[in-house]
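Undergrad: structure for this input, please:
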Amino acid sequence: MTYRYKSPIGDLYITSDGKFLTRIEFFSSVSEISEDKDNVIGDTVRWLDVYFSHSVPDFTPRYKLCVSEFSHAVLNECAHIGYGEICTYGDIAKRVSSALRKNPCARAVGGALNRNPIPIIIPCHRVIGFKRSPVGFAPGVDVKLGLLAHEGVFLKK
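TA: Next comes the predicted model:
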């Protein structure tokens, strides 16, 4: 089931398998958009409503990640970046390298974050380039800057 959520940054397409949140997309190729919400989509909409009201949600919708071990480690690190905080791709690479006993580069972290199936909830927009540059966000740098500004973080393009 896919539901269209109208957010301040544009439409978001929320997909659920009935038990778990599986995707949030900025652009959807799904031909059938549901007007109804299952419990998972309802929870995700509530989370997004809280987030877009400039508050920090005190719950996380149940989600399922179907990604590689490396991507899972990267997304897990990213999930711990707090509202209004930022870190670099290199910071994430260092944390993941100690957890996985591998030495990934910042570019590999960027690739994993580019495939983040549930952006905003797993806040990949909070990961920036080495020189405080807002690089590498699949929906575009302007959307990344908008989300960061929403959280009180202002970067130059």
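Undergrad: please count neighbours and contacts with C-alpha atoms only from this point.
TA: Noted.
Undergrad: now do the SS call for the residue nearest to residue 36 when sequence neighbours are not counted.
TA: Counting by CA to CA, 6 or more residues apart in numbering, residue 36 lies nearest to residue 3, which is 7.3 Å off, once chain neighbours are set aside. Assigned with DSSP: H, G, I helix; E, B strand; the rest coil, residue 3 falls in the strand class.
Undergrad: what do you get for residue 94?
TA: helix.
Undergrad: point to the helix or strand of this protein where mean pLDDT is at its lowest.
TA: helix 89-100 (a mean of 87; mean pLDDT, DSSP states H and E).
Undergrad: same for that one, what does it pack against?
TA: Counting contacts by 3 or more CA pairs under 8 Å, 6 or more residues apart in numbering; DSSP states H and E, helix 89-100 is packed against helix 69-79, helix 106-114.
Undergrad: can I get it as PDB, trimmed to CA atoms?
TA: Output of helix 89-100 as PDB, limited to C-alpha atoms (Å, rounded to 0.1, in the frame of the first residue of the first chain):
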ATOM      1  CA  TYR A  89      30.300  11.000   5.600                       C
ATOM      2  CA  GLY A  90      33.800  10.400   7.000                       C
ATOM      3  CA  ASP A  91      32.500  10.400  10.600                       C
ATOM      4  CA  ILE A  92      30.000   7.700   9.700                       C
ATOM      5  CA  ALA A  93      32.700   5.700   7.800                       C
ATOM      6  CA  LYS A  94      34.900   5.700  11.000                       C
ATOM      7  CA  ARG A  95      32.000   4.500  13.200                       C
ATOM      8  CA  VAL A  96      31.100   1.800  10.700                       C
ATOM      9  CA  SER A  97      34.700   0.600  10.300                       C
ATOM     10  CA  SER A  98      35.000  -0.100  14.100                       C
ATOM     11  CA  ALA A  99      31.600  -1.900  14.100                       C
ATOM     12  CA  LEU A 100      32.300  -4.000  11.000                       C
END
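Undergrad: give the phi and psi angles for the spatially most central residue of the chain, as a check.
TA: With distances taken as CA atoms, centre = their mean, the residue of the chain nearest its centroid is residue 119 (2.0 Å). With angles defined as degrees, to the nearest 10, residue 119 sits at phi -60, psi 160.
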